[in-house]
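Colleague: Take a look and give me a structure for this.
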Amino acid sequence: MTTTPRTRLSVRLGLSEPDDGAPYEGVPPHLLHPLRRWVRNNFVPGSAESGAQEICLRLRLAVPTGAFPEDALAGTSGAELLDVVDAVLGHESEHGWSYRDDDGELAALLDAAGSAYRVTENGDGLEERIAPAVRAAVGRTVADAEDRSSAGSAAGHLSTAWRSAYGPRPDPVRAYSEAIKAVECAAHSVVQPNHRRATLGTMLGEIAAQRHRFGTAIPAPAAGEAIAPVEAMMRALWDGQTSRHGKRTATVPETLEAARAGVHLAAALVQWFVSGAVTRS
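Modeller: Below is the predicted model:
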């Protein structure tokens, strides 16, 4: 059962303005100490078995003389603290620790604080919040791609693209690149199975030359071509990558907005291909 959050008394009395509802980026002041406390509670002070030293080394975090590694981890703030929380969750996953966020304490903290981030479904890191239905649809596509051997590494590339687009430290260039690779893997066996070095670009050329041989689960209008919507989506993804090649002018990296749109476009295309909705005669 869900309930509407209680409006603050000062807002009800007209003494202050209501929040705009937007999630808080980074680590706002009201979340700083609760998040630090969560990090510290994951470690036994001074224990070499806790993994705190390893996490400090991975994050290139210097431990002051006389201090414990967990002190250095819990003393961070801002983006660095998000890195620490993400690393702690990931470290627990790698080492099979039983006290990942199973009790939901961290998830509850982030929810109550209105954070822009959430614990991943697997509990092995942080990601940016997004509509549950959208997240579930992408997750279903990844699962479907994993079950289809002809899709190659599409599932892995799409998962990496998603993490690069929605993790606490987004990497738009990698997200977009991985999104394209996911589509290339999923479409290869349908569009250009005999071309060992096929790319999204060569596949678009194949479709242009043989468009009458491609069909989709959605019937085309009398005067249209069934493959046209898929082709348009593939073209948009391919042409939208601005950092693919270098040239004498400055390389323009993909924006985060473009990368996230590319990831969702790729997820739709991967689903089309792995589900058998696109065919070739």
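Colleague: Measure how buried Val252 is and give me the count.
Modeller: Counted with other CB atoms under 10 Å, residues neighbouring Val252 total 8. C-beta here means a position set from N, CA and C on the backbone, and glycine is covered the same way.
Colleague: wait, Ala131
Modeller: By other CB under 10 Å, neighbour count at Ala131 equals 8.
Colleague: Arg211 too?
Modeller: By other CB under 10 Å, 13 other residues sit near Arg211.
Colleague: And the helices in the stretch 101-250 of the chain?
Modeller: Secondary structure of the stretch 101-250 of the chain (DSSP state H, counting those that start in this stretch): helices at 105-112, 132-146, 154-166, 172-191, 200-209, 228-239.
Colleague: wait, which of these is closest to Leu126?
Modeller: Nearest to Leu126 among those is helix 105-112 (8.2 Å), distances taken as CB to CB.
Colleague: so who does Leu265 touch?
Modeller: Contacts of Leu265 were listed using CB atoms under 8 Å, 6 or more residues apart in numbering, and they are 179, 233, 236-237.
Colleague: Mind telling me what element it is part of?
Modeller: Element membership for Leu265 (DSSP states H and E) is helix 256-274.
Colleague: one step back: now the helices of the stretch 101-250 of the chain as TSV including distance to Leu32?
Modeller: Below are these laid out as TSV (distance: least, CB to CB, whole Å):
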stretch	distance to Leu32
helix 105-112	11
helix 132-146	27
helix 154-166	22
helix 172-191	27
helix 200-209	44
helix 228-239	39
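Colleague: For Val84, find the nearest of those helices.
Modeller: helix 105-112 (12.0 Å).
Colleague: what packs against the closest one?
Modeller: With contacts defined as 3 or more CB pairs under 8 Å, 6 or more residues apart in numbering; DSSP states H and E, the packing partners of helix 105-112 are helix 29-41, strand 117-119.
Colleague: what distance separates the first one from the centre of its chain?
Modeller: Its chain's average C-alpha position is 24 Å from that of helix 29-41, according to CA atoms, centre = their mean, to the nearest Å.
Colleague: buried sites along that helix?
Modeller: Across helix 29-41, burial judged by 16 or more other CB atoms under 10 Å covers 31-32, 34-36, 38-40.
Colleague: Now do it against helix 105-112, angle only.
Modeller: Angle, helix 29-41 to helix 105-112, by axes from the mean of the first three to the mean of the last three CA atoms, to 10 degrees: 180 degrees.
Colleague: quick revisit: next, the angle from the helix holding Leu265 to helix 228-239.
Modeller: Interaxial angle, helix 256-274 versus helix 228-239 (the same axes, to 10 degrees): 140 degrees.
Colleague: May I have helix 256-274 as CSV, with CA atoms only?
Modeller: Extracted C-alpha coordinates of helix 256-274, given in CSV (Å, rounded to 0.1, in the frame of the first residue of the first chain):
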residue,chain,number,x,y,z
LEU,A,256,23.8,12.5,-21.6
GLU,A,257,20.3,13.2,-23.0
ALA,A,258,21.3,11.8,-26.4
ALA,A,259,23.0,8.8,-24.8
ARG,A,260,19.9,7.9,-22.7
ALA,A,261,17.6,8.3,-25.7
GLY,A,262,20.0,6.1,-27.7
VAL,A,263,20.0,3.4,-25.0
HIS,A,264,16.2,3.3,-25.0
LEU,A,265,16.1,3.3,-28.8
ALA,A,266,18.6,0.4,-28.8
ALA,A,267,16.6,-1.5,-26.3
ALA,A,268,13.5,-1.3,-28.6
LEU,A,269,15.6,-2.5,-31.6
VAL,A,270,17.1,-5.4,-29.7
GLN,A,271,13.7,-6.5,-28.6
TRP,A,272,12.5,-6.4,-32.2
PHE,A,273,15.3,-8.6,-33.4
VAL,A,274,15.6,-11.1,-30.6
